[in-house]
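Q: Give me a 3D structure for the following:
(one chain, ligands or ions: 1)
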Amino acid sequence: MIEVRNLSKTYGHKHAVRNLSFKVNEGELFAFLGPNGSGKSTTIKMLTGLTEKSSGDIEILGQQPGINSVSLKRELSFVPDTPDIMGKLTGKEYLDFVASVYQMSQENYEDKSKELLELFDLSGALGTLVEEYSHGMRQKLVITGALMHEPKVIFMDEPNVGLDPKSNRNLKSYLKKYVDDGNTVFLTTHTLGLAEEIADRILIIYEGEEKATGTLSELRTKSGLVSGSLEDVFLALIGEEEVNVSDSESRDSIGG
Ligand SMILES: Nc1ncnc2c1ncn2[C@@H]1O[C@H](COP(=O)(O)OP(=O)(O)OP(=O)(O)O)[C@@H](O)[C@H]1O
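A: Presented below is the predicted three-dimensional model:
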């Protein structure tokens, strides 16, 4: 579904992404994890054709993403890390717009949007201007818009940020079923519990370079940990040491 070979991106002298190679299979939920500034959003933007790559190859469904790849874009969706949508539209107008871009039939649009709006408790807010939505409501509207045309591949950049517990749970169940039906999800998140719960495979990127890729159990082996959560494995792989809060507090309290 997704194949990336030696992908790199530089901004001036800054190497945001360096020589990244990986494959994501059909029916797989792939979590792309890394600390702040490690290159996750840059990678997603290159995969979705929103940012030019500096070098390397990308194939999605056998095609190269880019400004003119309309047939490919029909099969994809992207949930960006901030739900910046036109505030002067109502929720309904926004979804009407997205449905028209994807040329959805009226019947399909009504069925799918109803299902998703109910899933996210958003049906009652459809007539409200988006500028009056909370952050979480905007996020859910963007996710609804991204899922309703049933793309084969969906890219999600921190989709769970701002979601309440029920919406979060419903999103997880939806995505699990979505990949079970043969679709593919490429997801970034800092919520390692989410990735641990739903990801089939995980890639950890650090300072623009791949640190490790595999199932949680394969990553445990690579990190040298016999057991442990994804958080333990992640921190071990990127070589971060835990900050002992009580130690630093006691240093502060004695002025150290
Ligand atoms: N438009 C840009 N111009 C210059 N540098 C950029 C630009 N976008 C990103 N960068 C740099 O590229 C690096 C990777 O940024 P990116 O946004 O991909 O990180 P990220 O892993 O998504 O971070 P976060 O977890 O904080 O969202 C960072 O050092 C960032 O400062």
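
Q: How many neighbouring residues does the residue in the stretch 51-200 of the chain positioned nearest to the ligand have?
A: Nearest residue of the stretch 51-200 of the chain to the ligand: residue 81, at 5.9 Å (Cβ to the nearest ligand atom). Just so you know, the C-beta spots here come from the backbone N, C-alpha and C atoms, and that holds for glycine as well. The local packing of residue 81 (other Cβ atoms under 10 Å) involves 15 other residues.

Q: I figured it hits residue 160, correct?
A: No. Applying Cβ atoms under 8 Å, one finds residue 81 not in contact with residue 160, separated by 11.1 Å.

Q: Give the next helix or strand downstream of the helix ranked longest in the chain.
A: Longest helix in the chain by number of residues (criterion: DSSP state H): helix 165-180. Of the helices and strands lying after helix 165-180 in sequence (DSSP states H and E), the nearest is strand 184-188.

Q: how about the closest residue to residue 174 other than its chain neighbours, phi and psi?
A: For residue 174, ignoring the flanking residues on the chain, the nearest one in space by Cβ to Cβ, 6 or more residues apart in numbering is residue 119 at 6.4 Å. Dihedral pair for residue 119: phi -60, psi -40, per degrees, to the nearest 10.

Q: Residue 119: how many residues sit nearby?
A: A count of nearby residues for residue 119, using other Cβ under 10 Å, gives 19.

Q: for residue 95, same thing?
A: Using other Cβ under 10 Å, residue 95 has 23 neighbouring residues.

Q: for residue 88, same thing?
A: 8.

Q: before we move on, what SS does it have?
A: Secondary structure, DSSP: H, G, I helix; E, B strand; the rest coil: residue 88 is coil.

Q: can you tell me how far it sits from residue 132?
A: 11 Å (Cβ to Cβ, to the nearest Å).

Q: Likewise for residue 163?
A: Distance of residue 163 to residue 132, computed by Cβ to Cβ: 18 Å.

Q: Now do the domain split for the protein, please.
A: Using automatic domain parsing, the domain ranges for the chain come out as 1-75+151-237, 85-150.

Q: Reformat those domains as JSON lines; add distance to the ligand.
A: Shown next, in JSON lines, are these (distance: least, Cβ to the nearest ligand atom, whole Å):
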{"stretch": "domain 1-75+151-237", "distance to the ligand": "3"}
{"stretch": "domain 85-150", "distance to the ligand": "15"}
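
Q: Give me the contacts around whichever strand or helix holds residue 19.
A: Following DSSP H and E, the helix or strand that holds residue 19 is strand 14-24. Contacts made with strand 14-24 from outside it, assessed by Cβ atoms under 8 Å, 6 or more residues apart in numbering, are listed as 1-10, 30, 39, 42-43, 46, 56, 184, 186, 201, 203, 205, 208-210, 213.

Q: Please pick the buried ones from those residues.
A: 1-2, 4, 7-9, 30, 39, 42-43, 46, 56, 184, 186, 201, 203, 205, 208-210, 213 (16 or more other Cβ atoms under 10 Å).

Q: wait, is residue 233 part of a helix?
A: Yes. Counting by three-state DSSP, one finds residue 233 located in a helix.

Q: before we move on, the earlier item: the strand holding residue 19 pairs with which strands?
A: Next to strand 14-24 in the sheet, as set by DSSP bridges, lie strand 2-11 (antiparallel).

Q: Now the partner strand: average pLDDT?
A: The average pLDDT within strand 2-11 is 96.

Q: quick check, distance from stretch 218-228 to the centre of its chain.
A: Distance, stretch centre to chain centre, for stretch 218-228: 24 Å (Cα atoms, centre = their mean, to the nearest Å).

Q: Correction: the previous question concerned stretch 36-49.
A: The answer for stretch 36-49 is 10 Å, by Cα atoms, centre = their mean.

Q: buried residues in the longest helix of the chain?
A: 167, 168, 170, 171, 172, 175, 178, 179.
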